[in-house]
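Peer 1: No sequence on hand, only this structure:
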């Protein structure tokens, strides 16, 4: 079915608008297909992604079930602590700020890889590069600063920032430990 018929639109103001709507419709179609695939196994897309990440953290997994058992228990305990620590709004402010920082760093990483590895294969093109990713970095930076300066969100945004900053030395310690481990 053409996009125009699907969104009940006779004409679009421009080709760019039609392309943008087509991208949104395609993304929604892909999301629905992924959700249906996950639903067949009784999990959500977010749960599948967490399991995939945790599996990478401990590839051997549980001896019988082949699941990342220790990582799942740690995540369950941490989630419980967060759920019991405050209101939904406080938890949302805490988590959203930390997530926003990583979304911004992901986009910054795109620029870093283009500089460090200019000849690397690019199997997936970034639409609007460099302007759209730069705009994204600026927008997420503005939102992050806003979260840190608003009275309603300041405390838990700073707590989220603190948690992220605690992770920096943990990352370098973990990296040093992996380097020293026998292969």
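Peer 2: On my side now, so go ahead. Everything quoted here is computed from the prediction, not taken from an experiment.
Peer 1: And stretch 127-138, what's buried?
Peer 2: By neighbour count on 16 or more other C-beta atoms under 10 Å, the buried set for stretch 127-138 is 133, 136, 137. Quick note: C-beta positions are derived from backbone N, CA and C, even for glycine.
Peer 1: Now go through those and say which are in helices.
Peer 2: Secondary structure assignment by DSSP state H places 133, 136, 137 of those in helices.
Peer 1: The closest residue to the first one other than its chain neighbours: neighbour count?
Peer 2: With sequence-adjacent residues excluded and distances taken as C-beta to C-beta, 6 or more residues apart in numbering, residue 133 is closest to residue 107, at 4.9 Å. When neighbours are defined as other C-beta atoms under 10 Å, residue 107 has 19 of them.
Peer 1: tell me which element residue 107 falls in.
Peer 2: Residue 107 belongs to helix 88-116 when elements are defined using DSSP states H and E.
Peer 1: That helix packs against which elements?
Peer 2: Here helix 88-116 touches helix 69-84, helix 131-149, helix 154-180, going by 3 or more C-beta pairs under 8 Å, 6 or more residues apart in numbering; DSSP states H and E.
Peer 1: Determine which stretch of the ones you listed is the most buried.
Peer 2: Mean neighbour count, computed with mean count of other C-beta atoms under 10 Å, is highest for helix 131-149 among those, reaching a mean of 14.
Peer 1: Now do it against helix 154-180, angle only.
Peer 2: Orientation note: helix 131-149 sits at an angle of 120 degrees relative to helix 154-180 (axes from the mean of the first three to the mean of the last three C-alpha atoms, to 10 degrees).
Peer 1: Not counting helix 131-149 itself, show me its contacts.
Peer 2: Here helix 131-149 makes contact (C-beta atoms under 8 Å, 6 or more residues apart in numbering) with 93, 96-97, 100-101, 103-104, 107-108, 110-111, 126, 153-154, 157-158, 161.
Peer 1: now do 6 Å
Peer 2: Surrounding helix 131-149, the residues in contact under the criterion C-beta atoms under 6 Å, 6 or more residues apart in numbering are 97, 100, 103, 104, 107, 108, 110, 153, 157.
Peer 1: do stretch 87-98 as well
Peer 2: Outside stretch 87-98, the residues within contact range by C-beta under 6 Å, 6+ apart are 82, 147, 153, 156, 157, 159, 160, 164.
Peer 1: Now find how far off-centre that stretch is within its chain.
Peer 2: With C-alpha atoms, centre = their mean, to the nearest Å as the basis, the distance from the averaged C-alpha position of stretch 87-98 to the chain average is 15 Å.
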